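Asks: Attaching a predicted model along with its sequence, questions to come.
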Amino acid sequence: MGIQIDVVVGYPINDEVERVLGPAEAVGEPVTVTFMWEGRAEAERRVLVPAATLALWEHWAPAAYPTSDAGENRAVAEEQGLAHPAEFGAFTLCRRRAGGRTAVVRQGVVVAELLDPDEAHWLQEKAREVRQGFMDPKQKAAFEEFLARQAPLASTED
């Protein structure tokens, strides 16, 4: 999915988030990121999705991501508890307790979100499926007009 970048995040003075978000915003594509948080044994793999791209996916996706597998994410969120937003240069990461998402905020505006890779893939696929089956009203009218002008199919009685 999109671009793959590995990032090591350690201290708020580093600009890793900005270096990753730049390409994601420029191309409007999700970026897969692996965070190696200081003090944790395991890496955290997330997909950084620009806010505009996520808004389109959520508009077209017919339903919310199924939460039946969210038990693991819920346990991680509860384990971490409520914490202050983490600041990384010009960006602030605000982890949501429900759903496992993290909002990336710049100057008071959410510019992207970090999603679980499975959720990002599901949203992208569902949005694509629905969008491909949809015609806006002008396109639908033009297509109906085109079909009305077509000659009837000749019968094939031999």
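Replies: Alright, I've got the coordinates.
Asks: Helix, strand or coil: sort out residue 110 for me.
Replies: strand (DSSP: H, G, I helix; E, B strand; the rest coil).
Asks: Nearest residue to it in space, please, no chain neighbours.
Replies: residue 103 (4.8 Å; Cβ to Cβ, 6 or more residues apart in numbering). No exception for glycine: its C-beta is placed from N, CA and C like everyone else's.
Asks: Distance check, that neighbour against residue 133.
Replies: Counting by Cβ to Cβ, to the nearest Å, the gap from residue 103 to residue 133 is 31 Å.
Asks: now swap in residue 38 and tell me
Replies: Taken as Cβ to Cβ, the span from residue 38 to residue 133 is 46 Å.
Asks: Which helix or strand contains the residue nearest to residue 91 when sequence neighbours are not counted?
Replies: Leaving out its chain neighbours, the residue that sits closest to residue 91 by Cβ to Cβ, 6+ apart is residue 17, at 4.6 Å. In this assignment (DSSP states H and E), residue 17 forms part of helix 16-27.
Asks: follow-up on the earlier one: what lines up beside the helix or strand harbouring the residue nearest to residue 110 in the sheet?
Replies: Element membership for residue 103 (DSSP H and E) is strand 102-106. Partner strands and pairing direction for strand 102-106 (DSSP bridges) are strand 91-95 (antiparallel), strand 109-115 (antiparallel).
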